[in-house]
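> All I have is the shape, not the residue letters:
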Ligand SMILES: Cc1cc2nc3c(=O)[nH]c(=O)nc-3n(C[C@H](O)[C@H](O)[C@H](O)COP(=O)(O)OP(=O)(O)OC[C@H]3O[C@@H](n4cnc5c(N)ncnc54)[C@H](O)[C@@H]3O)c2cc1C
C-alpha cells in the first residue's frame, strides 16, 4: 500500500481537545434567548382507541405557550422507508404502545411543561393488546394496523438455487434455532433538540442525530415546510448506534411548536423516553438448517426469521431483508433460502442498531457451523477456512466481495490467541470459541429511491492559503469521521493535519446521507478526496501559468510544492507573499515553495479556491426482489476468538480474553479502527450476556434505566487483542472500507461457542445470564443421569 | 429529570441537626451521600421540602477503634473508606468486603453506611455484613437516645424501626473472638454496579487453628423482605469440625430460612439454589480466613 504521510497513522482525533476540556457542545448545551421548553404526552396504555383529547386546562396553565395534538400537526404519514410510512406525529385514532405520542406542549420552563402534560385529559377505550410476536401472528390476535392484516408488517421470500434439493443431496444437515432479546443501544446522550423557526419561514434544528439529511427531509414533509427552508445542524453527538438514524417525534414536535409559537423550542428525552422511543435492535427468532458434505464443504443454507417489530415500521423493512441478505457470506454456498417475517406488536418500534439485521442470524449461523464441525470431527477454524470466500468472490445472493481479507483475519486470530494450543485442551469450565462475519461498507442505495449523490463535499481554502476548510453534511457521532475526513483531505492536498479544519453535520454545507450502514469513510471519504484533488489541480494550473512550467511537473506533499521533484524557481512568489503579509508572524521560508504560497497565488488569480467532490455507488446487486438491500460498494469482514471461564456452580461467565481481527481495507486511522473494534466487542458482549429490554404484562418497560438495563462495565470487558487486517479495497478511497458495524458480527457467536467449549451446553437464547446457563447445565446433567 | 425544589441545611453540630429534625418533622429528610435519596427525589417518589445534611457534623465520618473490644463507625463513613480501612478489613472483614462490592467507585465515594442501613433495601450490601457481626446502632432524637441490635432494625423493604425525628448517630461493632474469619459474596449479572440477586455474609469462629466451630453467623440478602439470619444453619455448624461437607450441608439448611421471590433479576428457584451454593462457598472462604487469623 502507498507511502502515506497522514493516512494509516495513529493521529489524535481532531475533536479530542474540545471533548476533553468540556468545550464540545451537544444539543442540550444550546441556549437561545426566549427559548421555550417542550414535553410530549405519551400513552400510558399499550393499545387503545382515543375517544377524546381535552387540552383546555393545559392551555390555560400560566406559562404554557402552546399545546399541539394531531389537530395542529395534521395526519401526514411518515416513516423511514416510503414503502411503509405508517406513523403520524401524534396518534389520533389509536395509541399502539405505551409511549405512543399524543400531544406536545411548550412552556416557559420544564416544570410548567410537565405540569401541563398532567392537565391534558385523554379518554381512551382500551383495546386488547398483543406483546408476543408469535401470538401476534395467530388468528384472532388483536389487530394493530388495519392496513396490515395478521399484524404482518413485511414478508420476504428469497431463494437462490434449489435449496431443498441441495439439502437432500448433502451428507449432513444440522438444524438450529436462536432467539435474541430486544435491545436498547444505550448511547450516553439522550435525544435532544433545539428548534428555531424564523419569521422568514426558515426552520433550523440543532439536534442529536446520525442523519441530518433524512431529518431535514422528514421534518420538511411532516411540517409542510419547503425543504429548502429546513436546515438541520448536528452538534457533537454522544453516540447513536442506529436509533438516531431517523427523524424523531421530539424533533418534529420542537419544530412544530417553534413554528406555532415563534419562539425557539427545546426538548430532551429522559432516559426512560429513550427506551420508549426505542428504534433499536429487534427481537429476532432464527430457524436454520445447514447442509454440508462429509469433507466439510458447505452446500445449502435455509434460514427463517421472525422479527418483533413493535408498533411501527421504522427501519424494519430493511432489517427483515438484512437478516437474509447478510447471512450467506463470507462462506461459499451453492444455494440459500430465506423466509422473513416482521410482525407488529404493541411495543415501541424497533429499528436499526449496529450490525443492522445481521447480528442475531449471524449468531445462529456461526453456532451452526461449530455444531457441524463437531459432528464432522473438524476444527471449527479449519471448517471455516475450507469454505470462506476470497477477494473477487460473489455470494449466492450476488454480493460482490471486491476485497476480502477473511483468510488473513482467521489466520491472524488463530495465531494471536494461540488457538492451536488451547482448542480442545482446556480444563472443564474454560472454553475457547470463534466466529466470523462480514458487513456492508455503506448501503448501496439511499433509503428513499433516488439518483441523489450519497455524499458531496466542499473544500474551501483560506485566503492566505494556510488552511483547508472541509465542509460536509456527514455526521461525526463519536466514531471519528471528522478526523477521517481531515486526514483524507490532508493526505490528498499534501499538507499537515493541522492545516485542515472540518465543518460537518450541517445540511447547509453539503449533501450527505449520514452515519449509518458504516458508510462515511468510504462514501464521504471519496467525495473528500475528489474535492481535494480538484483544489490541487486548480492550484497546479495557476502555478503552471504563473511560473511557466508544465502542470505535470508539479507535485504536492509535506506542505510543499515541487517542480520536477526539485525546488524550481519561485522567488517572485515568495517575495510577493512576504510583501503582502508584512509584519505577520510566520513568513514562508525554506528551500521549497510552500502549499500556502501556492494556494495564495491561486486565490489571487481566481478568487476563493473551492473544490467539490461527490460520490454515489455504481448500480449494484442482482435483479431479484429486494436485491438492493445488502448491496454495498465494499464489504468489511472480521474473525474473533473469545476465551471464557464459567463458574459451573453458579453459571457465571467471565470473558477472559478476546482476539479480534478486522479487515477494514486501508486503516485511515489505526486508533479509530481499534476503537470501533473494541466498542463493537463490548456492545456484543453486553447483548450476549446481560442486555434485555423487559416488559410487564401490560406492555410497560420494567427496566428503562441504565441501572436495570445492563450494559457491560469496564470490569466486564477483558483485554482485547485487536489485529487490523488491511486488504486494498478497489472501491474505497485509498483502499479503505468499514469497521464500525462489521466488528460486532462475530462477537456473540464467538462467546456462545466458547461457552459450549467450556460446558458442553449449547445456549440458543440470549442473554446468557448466570441463571440461564446454570439451569441449562443442571438440565444437561440431569439428562445425562437418566 | 429535575430535582424538586427544597431548602438545604448544613448543621454544624449534632444538637442542631436533631433540633432541625424535630422542628421540621415530616417535611425533612436527612441527606448523607444522597445516592438513594436524590434518585428517589428525581423520580418524584419523595418530595421533602427540607434536606438536612450530615456533612458538617463532627465525627460522623470517623472510624474510631475502641481498645480491644470494638470499633465505632460514624454514619457518614463512606463505602469507599470502609472497603479500604485496614482495621475493618482485618477484623470486620464482611463489612469491608460488602462495602467494596457496593455500586461502583463513583457511588462508593459518596454512599454511606448510615444511608445504606436506613434505606433498608432487601438487596443492600451492608446490612447482612453488619448482621453477622455484633453490631449496635445508636439512634438519637432531640429528646431521646436508644441503642438497638442491627438484627432488630429492619422491618421490611425500605422500612426500619427508626422514627422520623431520629438520627442514626453511630454504629458500634464488637471485635470478634480470636480465630474468627469472615466472608461476603454477592451474586449479580455484572462484575460491578450490580444489585444483588443473592448475597451472603458469614462469620466463623474456631476454637483454635485445628479446633471445632464455636460460633457461626450467616446472613442472607435479597432473599426475603429484609435481610435474614440463617439460624438453623448456624446451629448446625456450631460444635462441628469444619469441612467442605459440613459447609455444604449448612448451605442446604440455609435455604430453608429464605423466601426469595421471582422477579426480572432472577427466579425463586435459581435464587434458592444459589443460596445453597454461595453459603457453602462463603463458609469455606471464612474458614480459610479464620485459619489465617493473627492476634
Ligand atoms: C448507581 C447506584 C448503584 C448502587 N449500588 C448499590 C449496591 O450495589 N449495593 C447497595 O447496597 N446499594 C447500592 N446503591 C444504593 C446506595 O448507594 C446505598 O444504599 C448507599 O449506601 C446510600 O447511602 P447514602 O449516603 O447515599 O444515602 P442517602 O441517599 O443520603 O440516604 C438514604 C436514606 O437514608 C437516610 N439517612 C441517611 N443517613 C442517615 C442517618 N445517619 N440517620 C437517619 N437517616 C439517614 C436518608 O434520609 C435517606 O432516606 C446504589 C445507588 C446508585 C445510585
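Yep, it's here. From a predicted model like this one, the values you see are computed outputs, not experimental measurements.

> so which residue of the stretch 1-150 of chain B comes closest to the ligand?
Distances between the stretch 1-150 of chain B and the ligand by Cβ to the nearest ligand atom are smallest at residue B:115, namely 2.1 Å. Where C-beta positions appear, they are placed from N, C-alpha and C, glycine not excepted.

> chain center to the helix or strand harbouring residue B:107: distance?
If you go by DSSP states H and E, residue B:107 is part of helix B:105-108. The chain centre lies 16 Å from the centre of helix B:105-108; the measure is Cα atoms, centre = their mean, to the nearest Å.

> So for that helix, what gets flagged as buried?
In terms of neighbour count (16 or more other Cβ atoms under 10 Å in any protein chain shown), helix B:105-108 has its buried residues at B:107, B:108.

> Would you pull up how far whichever helix or strand comes after that helix lies from the middle of the chain?
Later in the chain than helix B:105-108, the nearest helix or strand by DSSP H and E is helix B:113-119. Computed by Cα atoms, centre = their mean, the chain-centroid distance of helix B:113-119 equals 8 Å.

> wait, does helix B:113-119 contact chain A?
No - interface with chain A: helix B:113-119 contributes nothing (Cβ under 8 Å from any Cβ of the partner chain), its closest point being 14.8 Å away.

> Which strands or helices does that helix pack on?
Applying 3 or more Cβ pairs under 8 Å, 6 or more residues apart in numbering or on different chains; DSSP states H and E, we find helix B:113-119 packed against helix B:79-84, helix B:126-132, strand B:167-174.

> Pick out the residue in the stretch 101-250 of chain B sitting closest to chain A.
Across the stretch 101-250 of chain B, no residue is closer to chain A than residue B:191, which sits at 3.8 Å (Cβ to the nearest Cβ).

> Excluding sequence neighbours, find me the nearest residue to that residue.
residue A:715 (3.8 Å; Cβ to Cβ, 6 or more residues apart in numbering or on different chains).

> Buried residues, the longest helix anywhere in chain B. List them.
When chain B is parsed with DSSP state H, its longest helix is helix B:268-291. Judged by neighbour count using 16+ other Cβ under 10 Å, the buried positions of helix B:268-291 are B:270-287, B:289-290.

> Also within reach of chain A: list those from these.
Filtering the buried residues of helix B:268-291 for proximity to chain A (criterion: Cβ under 8 Å from any Cβ) leaves B:270, B:273, B:274, B:277, B:278, B:281.

> Next, count neighbours for residue B:46.
As a burial measure, residue B:46 scores 14 neighbours (other Cβ atoms under 10 Å in any protein chain shown).

> distance of the closest residue to it other than its chain neighbours from residue B:48?
Leaving aside its chain neighbours, residue B:46 sits nearest to residue B:40 (4.6 Å; criterion: Cβ to Cβ, 6+ apart). Distance of residue B:40 to residue B:48, given as Cβ to Cβ, to the nearest Å: 10 Å.

> These two: which is more packed in?
Higher neighbour count among residue B:40 and residue B:48: residue B:48, with 19 against 16, using other Cβ under 10 Å.

> Quick check: which ranges of the chain have low pLDDT?
In the absence of a named chain, chain A is used. For chain A, the stretches flagged by pLDDT under 70 are A:1, A:786.

> To clarify, I was referring to chain B.
By pLDDT under 70, the low-scoring segments of chain B are B:1.

> which residues in it form strands?
Per DSSP state E, chain B carries strands over the ranges B:7-9, B:28-31, B:50-53, B:63-66, B:70-73, B:135-140, B:145-149, B:154-156, B:159-160, B:167-174, B:180-187, B:198-206, B:213-221, B:228-229.

> Any chance of CSV for those, columns mean neighbour count and distance to residue A:778?
CSV is the format used below for those (neighbours: other Cβ atoms under 10 Å in any protein chain shown; distance: least, Cβ to Cβ, whole Å):
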stretch, mean neighbour count, distance to residue A:778
strand B:7-9, 13, 52
strand B:28-31, 22, 45
strand B:50-53, 19, 49
strand B:63-66, 14, 43
strand B:70-73, 21, 41
strand B:135-140, 20, 37
strand B:145-149, 12, 38
strand B:154-156, 16, 32
strand B:159-160, 16, 36
strand B:167-174, 21, 39
strand B:180-187, 24, 16
strand B:198-206, 30, 16
strand B:213-221, 25, 21
strand B:228-229, 20, 25
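
> Tabulate those in JSON lines, adding columns for distance to the ligand.
Listed next are those as JSON lines, based on distance: least, Cβ to the nearest ligand atom, whole Å:
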{"stretch": "strand B:7-9", "distance to the ligand": "13"}
{"stretch": "strand B:28-31", "distance to the ligand": "4"}
{"stretch": "strand B:50-53", "distance to the ligand": "8"}
{"stretch": "strand B:63-66", "distance to the ligand": "15"}
{"stretch": "strand B:70-73", "distance to the ligand": "11"}
{"stretch": "strand B:135-140", "distance to the ligand": "8"}
{"stretch": "strand B:145-149", "distance to the ligand": "13"}
{"stretch": "strand B:154-156", "distance to the ligand": "13"}
{"stretch": "strand B:159-160", "distance to the ligand": "9"}
{"stretch": "strand B:167-174", "distance to the ligand": "4"}
{"stretch": "strand B:180-187", "distance to the ligand": "8"}
{"stretch": "strand B:198-206", "distance to the ligand": "9"}
{"stretch": "strand B:213-221", "distance to the ligand": "8"}
{"stretch": "strand B:228-229", "distance to the ligand": "16"}
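
> To residue A:663, which of those strands lies closest?
Nearest to residue A:663, of all the strands of chain B, is strand B:180-187, at 40.0 Å by Cβ to Cβ.

> ok, back up a step: show the contacting residues for the residue of the stretch 101-250 of chain B closest to chain A.
A:654, A:713, A:715, A:716 (Cβ atoms under 8 Å, 6 or more residues apart in numbering or on different chains).
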